[in-house]
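K.L.:
here is my input, please return the structure:
(one chain, ligands or ions: 1)
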Amino acid sequence: MQIYLPIRKKKCTFAVQFGFIMSVHTETKRMTTALIRQKKATGDKITMLTSYDYTLARLVDEAGVDMFLVGDSASNIVCGNGTTLPITVDEMIFLTRGVVRAAQHALVVIDMPFGSYQVSAEEGVRNAIKMVKESGADAVKLEGGEEILPAIRQMIAMGVPVCGHLGLTPQSVNQFGGYGLRAKEEAEAEKLIHDAQLLDQAGCFAIVLEKIPAALAEKVTKAVSCPTIGIGAGNKTDGQVLVLHDMLGLNLGFKPKFLRHFAELGGEVIAAVENYVAAVKDSSFPNETESY
Ligand code: KIV
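P.N.:
Next comes the predicted model:
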């Protein structure tokens with residue numbers, strides 16, 4: 001099977017060859033939903049991180065992550081809200097544009113915020129098309145199973161790739177009464193497997209599984225043909241996702257069991273700013289070489 005690989009131009013240079021000036025650009029292979037699907041078959045683990053701005057997204061893309069998630073966790077991480085509920089479609093679009101500009105390699109998934117797809121399938125499809133059209137994202141992500149299946153089916157039929165999200169779905173925090181582990185009991189676990197199969201059959205290219213027992217995540221992963229991307233769901237899923245600011249240690253005081261700090265940038269930022277403040281106050285910044 002041949003897979004069409006979209007490309008983004010990285011650099012434009014000019015070369016002279018045989019007396020002709022030729023336009024040359026280095027091209028980076030873009031990740032596609034088809035390639036993400038293929039990774040499940042080959043057993044190549046999928047990497048996904050959230051991103052909400054151009055500058056950090058450039059670094060994340062350079063480091064070689066497969067997928068960006070412009071998560072509605074931006075409501076907490078970027079805006080300082082206590083939940084994901086307040087963020088709007090237009091705010092998500094604004095943030096995603098910067099990430100799309102940075103993405104040379106990684107696929108960009110935009111989270112559909114609370115209220116943008118729950119009322120009706122028609123409204124969901126309208127918002128999904130608007131979000132992809134105005135942000136440049138490659139795909140959307142929605143939280144939920146059977147309840148939102150009509151919306152998901154229509155989005156996929158209209159050409160919008162969809163990533164599902166089951167388990168702890170933070171947009172339902174008021175219903176759940178907190179952010180605890182989901183699907184510990186058999187009934188909820190069975191519904192989750194059923195929902196995952198429905199999302200898979202509807203054509204979702206991947207499903208995020210958040211904060212569920214590792215054994216259940218493994219069961220779901222075996223029960224569906226599309227890749228599963230875990231967060232707090234053990235290491236038997238087809239890939240992993242983390243909130244970038246959490247894994248970089250920028251979100252001070254937030255350290256749930258499933259989270260690993262791959263850096264401690266929070267402390268480094270504070271130390272750098274303390275050094276700056278001290279250097280300005282004692283007039284050692286700027287020095288002669290830093291002045292015109
Ligand atoms: O919004 C988000 O960051 C997410 C991840 C936690 C999966 O949905």
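
K.L.:
buried residues in the helix or strand hosting Ala272, which are they?
P.N.:
If you go by DSSP states H and E, Ala272 is part of helix 265-281. Buried positions in helix 265-281, judged by neighbour count with 16 or more other Cβ atoms under 10 Å: Leu265, Gly266. In this view, the C-beta of every residue, glycine as well, is placed from N, C-alpha and C.

K.L.:
tell me which other helices or strands that helix touches.
P.N.:
If contacts are counted by 3 or more Cβ pairs under 8 Å, 6 or more residues apart in numbering; DSSP states H and E, helix 265-281 sits against no helix or strand.

K.L.:
now that helix: how far from the chain's centre is it?
P.N.:
30 Å (Cα atoms, centre = their mean, to the nearest Å).

K.L.:
around the ligand, pick out the residues from this structure.
P.N.:
Thr50, Leu69, Gly71, Asp72, Ser73, Asp111, Val208, Glu210, Ile231, Val241, Val243 (Cβ under 6 Å from any ligand atom).

K.L.:
got a list of what Asn174 touches?
P.N.:
Leu85 (Cβ atoms under 8 Å, 6 or more residues apart in numbering).

K.L.:
recalculate using a threshold of 10 Å.
P.N.:
Under the criterion of Cβ atoms under 10 Å, 6 or more residues apart in numbering, the neighbours of Asn174 are Thr83, Leu85.

K.L.:
please, which helix or strand holds it?
P.N.:
Residue-wise, Asn174 maps onto helix 173-176 under DSSP H and E.

K.L.:
buried sites along that helix?
P.N.:
In helix 173-176, counting by 16+ other Cβ under 10 Å, buried: Val173.

K.L.:
show the average pLDDT along that helix.
P.N.:
Helix 173-176 shows a mean pLDDT of 96.

K.L.:
report pLDDT for Lys29.
P.N.:
Confidence for Lys29, expressed as pLDDT, is 77.

K.L.:
by proximity to the ligand, which residue of this protein wins?
P.N.:
Gly71 (2.4 Å; Cβ to the nearest ligand atom).

K.L.:
run a quick neighbour tally on the residue nearest to that residue when sequence neighbours are not counted.
P.N.:
Leaving aside its sequence neighbours, Gly71 sits nearest to Thr50 (Cβ to Cβ, 6 or more residues apart in numbering; 4.3 Å). For Thr50, the neighbour count with other Cβ atoms under 10 Å is 27.
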